[in-house]
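In: let me see the structure of the following:
(one chain, ligands or ions: 2)
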Amino acid sequence: MYLVTDTGQCGGPAGVVETARQAADGGVDAVQVRDPHATTRELVALATAVREALAGTGVPLIINDRVDVALAVGADGVHLGQRDLDPVTARALFGPDVHIGLSISDERELTEALGLPAGTVDLLGVGPVRDTPSKTDAAPAVGFDGLAAICRRSPVPCVAIGGIKGDDLAAVRAAGAVGAAVISAICGRPDPTAAARALSRGWAAAVPDA
Ligand code: TZP
Ligand code: MG
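Out: Ligands and ions are numbered 1, 2, ... in the order given. Presented below is the predicted three-dimensional model:
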């Protein structure tokens, strides 16, 4: 289970930091700091505070879109969209040890990603699986069948994103994704720790049929 933060839904920057801490307590496996509206300095400050909140938890910090910010704060990874710095250049800047994710929202983007040199991208974020108010410029939803088709062709692990709730985790796993990323299912919940715990347990229990 992968938390993506939204500063509005989390109740401001302090809410992002607290939600990240609580989600780590609740068992999420990664936290991505995402704030397309923040200035560079605001995002560096936010990511630094989240890095401190996650220190000692073992939960990796991933930065959405911004290679410069990921480098500046010493993040564990970056998650790139289709309009961000290209993954080959990002890999050259980071070297082999930083995790690079790439968003894919259709088969054409997947085909392009398949042409990248091996080792460039570690993970694909696939979605939106469902329509979601959390990303206003999201591509059309791929659904669970679209997710499965992309996971099947992907040489690297896929994480599903977009409108994922606890009830969807079995379908996400059955589609072949290694994880699910959520904003609203954790951010802004009255008890993010409990929400994260329920999702983490739900994921572990949602073993697809053999
Ligand atoms: N990318 C594709 S959908 C999405 C992002 C960042 C938003 C996911 O938010 P939610 O609330 O889990 O649907
Ligand atoms: Mg992006």
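In: quick one: buried residues of stretch 170-184?
Out: 170-173, 175-184 (16 or more other Cβ atoms under 10 Å). In this view, the C-beta of every residue, glycine as well, is placed from N, C-alpha and C.
In: alpha carbons of stretch 167-178, as PDB, please.
Out: Output in PDB follows, covering the C-alpha atoms of stretch 167-178 (Å, rounded to 0.1, in the frame of the first residue of the first chain):
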ATOM      1  CA  ASP A 167     -13.100  -3.000  -1.500                       C
ATOM      2  CA  ASP A 168     -11.000  -2.900  -4.700                       C
ATOM      3  CA  LEU A 169      -7.900  -4.500  -3.400                       C
ATOM      4  CA  ALA A 170      -8.700  -8.000  -4.400                       C
ATOM      5  CA  ALA A 171      -9.400  -6.800  -8.000                       C
ATOM      6  CA  VAL A 172      -6.200  -4.800  -8.000                       C
ATOM      7  CA  ARG A 173      -4.200  -7.900  -7.000                       C
ATOM      8  CA  ALA A 174      -6.100 -10.100  -9.400                       C
ATOM      9  CA  ALA A 175      -5.100  -7.700 -12.200                       C
ATOM     10  CA  GLY A 176      -1.500  -8.400 -11.400                       C
ATOM     11  CA  ALA A 177      -0.500  -5.200  -9.700                       C
ATOM     12  CA  VAL A 178       2.000  -5.400  -6.900                       C
END
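In: contacts for that stretch?
Out: Here stretch 167-178 makes contact (Cβ atoms under 8 Å, 6 or more residues apart in numbering) with 123, 126, 129-130, 144-145, 147-148, 151-152, 157-160, 164, 179-180, 199, 202-203, 206-209.
In: just to revisit the earlier point, from the buried residues of stretch 170-184, which are also near ligand 2?
Out: For ligand 2, no contacts are drawn from the buried residues of stretch 170-184 by Cβ under 5 Å from the ion.
In: and the closest residue to ligand 2 within the chain, how close does it get to residue 63?
Out: Using Cβ to the ion, the closest approach of the chain to ligand 2 is made by residue 81 at 2.9 Å. Separation of residue 81 from residue 63 (Cβ to Cβ, to the nearest Å) stands at 12 Å.
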